[in-house]
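>>> here is my input; please provide its structure:
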Amino acid sequence: PYVVTSLIDAFMKCGDVTSAKALFDRSTKKALSMYGAMMKGLTINDQEEEAIGMFNEIHLDELHRENHSGKQKKLLSEMNTDRFEANIIVYLCLLKALTKLGMLEKAQSFVQQIPGYFLTDHRIGSALIHMWGKVGSVDKAKRIFDKISQPDHIGWTAMINSYGLNGMGDEAVKLFHQMPKESIDHLTYICVLNACSHSGLVDVARSIFNNIQTKTEIIYTTMIDCLSRAAAFEEAQKLIGEFERDHAPAVSVYMPLLSGARNQKYSKLSQEVVDRMQKLFPNMKDSLVAASILLANVYASSGDIGKATDIKIELHKSGAKKRIGVTVTDIDGKLWKFRAHDRSHAESAEIHEQVDRMSKRIIEHGHKYDASWIVRPMEPDETIETLLCGHSERLAMAAHFIRNRKPKRIQMTKNLRICGDCRKS
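Sure thing, here's the model as predicted:
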């Protein structure tokens with residue numbers, strides 16, 4: 001099993017999911033470690049649904065299935081370290097997949113299957129804190145955190161990150177200051193700075209950043225993101241200059257500056273950033289494609305459709321492939337996926353009719369569609385409204401309403417940036 005597990009892990013790290021699956025399927029005796037490697041690899045390769053599905057296939061040992069508490073304790077005491085660790089690894093892989101999927105109801109249904117005695121493991125506890133934060137249940141994350149008598153640095157950092165992911169920057173900073181100084185590491189700094197970034201706490205972020213003794217590339221990147229989100233572009237550029245005095249140029253520090261310029265429709269700065277990236281990183285094709293797409297969107301949002309089109313034509317000529325935006329939502333325990341203007345679902349006609357009803361309602365309440373989020377020339381039969389109403393986010397929301405007129409919760413995740421007009425509406 002060890003050799004097969006190592007090979008599966010190697011294939012997955014190289015992105016060769018097909019070979020990993022073939023090797024796994026050919027194995028007659030599947031150890032838990034092999035399932036763990038498959039689940040971990042599928043999650044890394046953006047196939048978290050399959051990873052979660054694989055958990056259902058695992059024939060876990062009698063400890064997992066036994067319900068009598070006395071027998072549980074006896075079995076636990078008899079279980080050797082290797083078997084216990086194998087179970088822990090599988091549960092950690094499950095939690096990572098659920099975290100990446102980001103759906104609360106799905107997370108709840110699977111967490112209930114984890115026996116209580118595994119929940120006392122600090123690794124499981126930290127993973128649960130992170131997962132609950134990612135799916136938007138900060139209260140559950142805090143309850144787990146409060147039950148840990150002596151959280152390690154991973155537990156503290158996971159809770160800080162959970163606050164940050166949910167726009168609770170003040171709470172994240174407060175917890176950061178309560179954390180034992182000896183437990184703080186570079187990941188903690190990244191999480192608290194990110195929390196400040198998403199909550200607009202620029203002054204707090206500056207104070208924390210200035211007191212960090214050893215600043216890594218990711219710490220600089222996170223601070224630059226914070227400044228760029230606040231449109232403090234001059235300060236962000238100075239920080240890039242400071243970074244490059246002691247480090248080799250890194251593409252990561254330029255992307256948040258470009259993203260911030262995109263938010264402000266600042267085409268001049270966006271062009272300057274992309275020009276510099278092309279000069280510094282001529283061989284980093286994927287990053288340059290992403291930067292060029294952002295630049296095209298900046299020009300389109302500022303009304304210069306011609307320049308935006310020219311950039312996209314050049315990208316097409318170069319063979320660059322644009323990443324397709326997909327919105328995922330959980331409706332009655334089933335995952336639905338939508339692309340822009342999607343009509344692949346059996347209920348697509350009803351979904352689009354519901355989108356039309358939603359559009360009329362928000363217009364009645366004063367919403368005005370923002371044409372700056374249209375990043376391509378419109379066809380003669382298209383309008384600003386029809387283009388924006390076809391976005392995958394709106395289709396996913398409409399699907400909820402046709403199933404339940406008053407849904408208790410609508411939760412969606414998207415693999416790309418959410419459209420600003422969709423967010424406002």
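>>> all helices of the stretch 1-150 of the chain, in order?
2-13, 17-26, 32-44, 48-57, 62-65, 69-78, 81-101, 104-111, 116-119, 122-134, 138-147 (DSSP state H, counting those that start in this stretch).
>>> any idea which residue sits dead centre in this protein?
Against the mean C-alpha coordinate of the chain, by Cα atoms, centre = their mean, the closest residue is residue 100 at 6.2 Å.
>>> how about that residue, what does it touch?
43, 48, 134 (Cβ atoms under 8 Å, 6 or more residues apart in numbering). Where C-beta positions appear, they are placed from N, C-alpha and C, glycine not excepted.
>>> hang on, the earlier thing: the helices of the stretch 1-150 of the chain: which one's closest to residue 188?
For those, the distance to residue 188 is smallest for helix 122-134, at 12.6 Å, taking Cβ to Cβ.
>>> mind listing what's buried in the closest one?
123, 124, 125, 126, 127, 128, 129, 130, 131, 132, 133, 134 (16 or more other Cβ atoms under 10 Å).
>>> and if you look at stretch 376-389?
384, 386, 387, 388, 389.
>>> now, which of those lie within helices?
Members of these lying in helices (criterion: DSSP state H): 384, 386, 387, 388, 389.
>>> from memory the first one sits against residue 373, does it?
No: contact status for residue 384 versus residue 373: not in contact, 9.1 Å apart, counting by Cβ atoms under 8 Å.
>>> how about CSV for the helices of the stretch 1-150 of the chain, with mean pLDDT and distance to residue 358 added?
As requested, the helices of the stretch 1-150 of the chain are exported to CSV (pLDDT from 0 to 100; distance: least, Cβ to Cβ, whole Å):
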stretch, mean pLDDT, distance to residue 358
helix 2-13, 94, 41
helix 17-26, 95, 38
helix 32-44, 94, 33
helix 48-57, 91, 27
helix 62-65, 42, 44
helix 69-78, 48, 50
helix 81-101, 89, 25
helix 104-111, 92, 23
helix 116-119, 84, 41
helix 122-134, 96, 27
helix 138-147, 96, 28
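>>> and those helices as JSON lines, adding distance to residue 299?
As requested, those are exported to JSON lines (distance: least, Cβ to Cβ, whole Å):
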{"stretch": "helix 2-13", "distance to residue 299": "38"}
{"stretch": "helix 17-26", "distance to residue 299": "37"}
{"stretch": "helix 32-44", "distance to residue 299": "34"}
{"stretch": "helix 48-57", "distance to residue 299": "35"}
{"stretch": "helix 62-65", "distance to residue 299": "56"}
{"stretch": "helix 69-78", "distance to residue 299": "62"}
{"stretch": "helix 81-101", "distance to residue 299": "33"}
{"stretch": "helix 104-111", "distance to residue 299": "38"}
{"stretch": "helix 116-119", "distance to residue 299": "51"}
{"stretch": "helix 122-134", "distance to residue 299": "34"}
{"stretch": "helix 138-147", "distance to residue 299": "38"}
